[in-house]
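K.L.:
this is a predicted model, with the sequence first.
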Amino acid sequence: MTSTAPSTPAALLPLVDTPEFDAELSRFLDSLDVAQLYAVETLCMQRQVAKYEAQLLTALRRRAREVVAEGETASRWPVVTLTFGTSVYDNGVFWDECTVEARHLDGTLSTVDLYYEDVCGVLADLSSALRPDGTDSIVVQLRTGEFDYQ
């Protein structure tokens, strides 16, 4: 007996959002109990957050270099960490890209505005996925790529 199933996840992409795929996925999910559904949800969310973090890190590294080069900071030294607080809007709590604390390599702190499309969009997506409250913050280590949620 030979299998006609795709051998890689990328091979599944043409099938996503087709009636056949949706039906098969529904059958699979219906076979799971609540604990298993929660485990699948958690795994999906972890992967989603990891993709958002990777996109955001790329944008932040570029934007941090730009704000220093454009003289928008209190130091000419490279930015090594960025700390985002939150803002409350009618549709929820989101990390705020307009008043970001930037720590430079020399220890100087600057407040920078990172309101750029490539930052805002992914930061909003990350906020939607993780649902911060009004006291949460993120510290992003630009050199290591580490995200510390506080």
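P.N.:
Looks like it came in fine. Because the structure is a prediction, the values reported are computed rather than measured. Numbers count the residues shown, from 1 in each chain.

K.L.:
helix, strand or coil for Met94?
P.N.:
Quick fix: residue 94 reads Phe, not Met. In three-state terms, and counting by DSSP: H, G, I helix; E, B strand; the rest coil, Phe94 is strand.

K.L.:
what segments of this structure are strands?
P.N.:
Here the chain has its strands, by DSSP state E, at 79-84, 86-89, 92-95, 100-104, 109-112, 138-141, 147-149.

K.L.:
can you redo these as CSV with mean pLDDT?
P.N.:
Shown next, in CSV, are the strands of the chain (pLDDT from 0 to 100):
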stretch, mean pLDDT
strand 79-84, 98
strand 86-89, 93
strand 92-95, 94
strand 100-104, 98
strand 109-112, 98
strand 138-141, 98
strand 147-149, 98
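
K.L.:
out of these, which comes closest to Gln46?
P.N.:
Nearest to Gln46 among the strands of the chain is strand 147-149; the distance by Cβ to Cβ comes to 12.5 Å. C-beta here means a position set from N, CA and C on the backbone, and glycine is covered the same way.

K.L.:
in the closest one, which residues are buried?
P.N.:
Applying a neighbour-count criterion of 16 or more other Cβ atoms under 10 Å, one finds Phe147 buried in strand 147-149.

K.L.:
just the pLDDT at the closest residue to Arg65 other than its chain neighbours, thanks.
P.N.:
Closest residue to Arg65 apart from its sequence neighbours, by Cβ to Cβ, 6 or more residues apart in numbering: Pro78 at 7.4 Å. Looking at Pro78, its pLDDT reads 98.

K.L.:
cool, and Ser7?
P.N.:
Per the predicted model, pLDDT is 58 at Ser7.

K.L.:
check Thr2 too.
P.N.:
For Thr2, the model assigns a pLDDT of 46.

K.L.:
tally of neighbours for Ala10?
P.N.:
Residues within reach of Ala10, counting by other Cβ atoms under 10 Å, total 8.

K.L.:
ok, it to Tyr38 distance?
P.N.:
According to Cβ to Cβ, to the nearest Å, Ala10 and Tyr38 sit 27 Å apart.

K.L.:
kindly report the same for Ser137.
P.N.:
Taking Cβ to Cβ, one finds Ser137 at 27 Å from Tyr38.

K.L.:
for the helix ranked longest in the chain, buried residues please.
P.N.:
Looking across the chain with DSSP state H, the single longest helix is helix 34-69. Residues of helix 34-69 classed as buried by neighbour count (16+ other Cβ under 10 Å): 49, 52-53, 55-57, 59-61, 63-64, 67-68.
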